[in-house]
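Undergrad: Please work out how this folds:
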Amino acid sequence: MEYARSNHFVILTQDLDFTTLLALSKDKKPSVAQLRTENTDPSAIGVAVVKSFRQAERMLDEGVLLTIDTAARLHILPLRH
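TA: Residues are numbered from 1 along each chain as shown. Prediction:
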């Protein structure tokens, strides 16, 4: 997380632990794009990932949790209960 934050990277993951780490840290960065699908084959999800990143580009710079499944959802960081 620290490496991504200090290098202005977005984390792309299917691991729910990153969401937990974001919530516990109360940080605004790094942005995390979370895949919520069983089929992570690039040929199956690549178009949806690229489309979601393009639509959320400006907000990814600010710090968001981007959830990608059949539709994309954004949550502005820090995460709050």
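Undergrad: Going along the chain, name the strands of the chain.
TA: For the chain, the strands defined by DSSP state E cover 11-13, 32-35, 64-68, 72-76.
Undergrad: Dump those to JSON lines, plus mean neighbour count, mean pLDDT and distance to Ala44.
TA: Every residue, glycine included, has its C-beta placed from N, CA and C. Formatted as JSON lines, the strands of the chain follow (neighbours: other CB atoms under 10 Å; pLDDT from 0 to 100; distance: least, CB to CB, whole Å):
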{"stretch": "strand 11-13", "mean neighbour count": "15", "mean pLDDT": "92", "distance to Ala44": "15"}
{"stretch": "strand 32-35", "mean neighbour count": "21", "mean pLDDT": "92", "distance to Ala44": "11"}
{"stretch": "strand 64-68", "mean neighbour count": "21", "mean pLDDT": "90", "distance to Ala44": "12"}
{"stretch": "strand 72-76", "mean neighbour count": "15", "mean pLDDT": "75", "distance to Ala44": "15"}
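Undergrad: Grab the nearest non-local neighbour of the residue positioned nearest the centre of the chain.
TA: Centroid-nearest residue in the chain, with CA atoms, centre = their mean: Ala33, separated by 1.7 Å. Computed as CB to CB, 6 or more residues apart in numbering, the closest residue to Ala33 that is not its neighbour in sequence is Leu66, at 4.3 Å.
Undergrad: Dump the strands of the chain into CSV; add distance to Ala4 as well.
TA: Output for those, formatted as CSV (distance: least, CB to CB, whole Å):
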stretch, distance to Ala4
strand 11-13, 5
strand 32-35, 8
strand 64-68, 13
strand 72-76, 17
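Undergrad: And the residue sitting furthest away from the middle of the chain, how far from Lys28?
TA: Distance from the centre of the chain peaks at Ser43, with 19.4 Å (CA atoms, centre = their mean). Separation of Ser43 from Lys28 (CB to CB, to the nearest Å): 34 Å.
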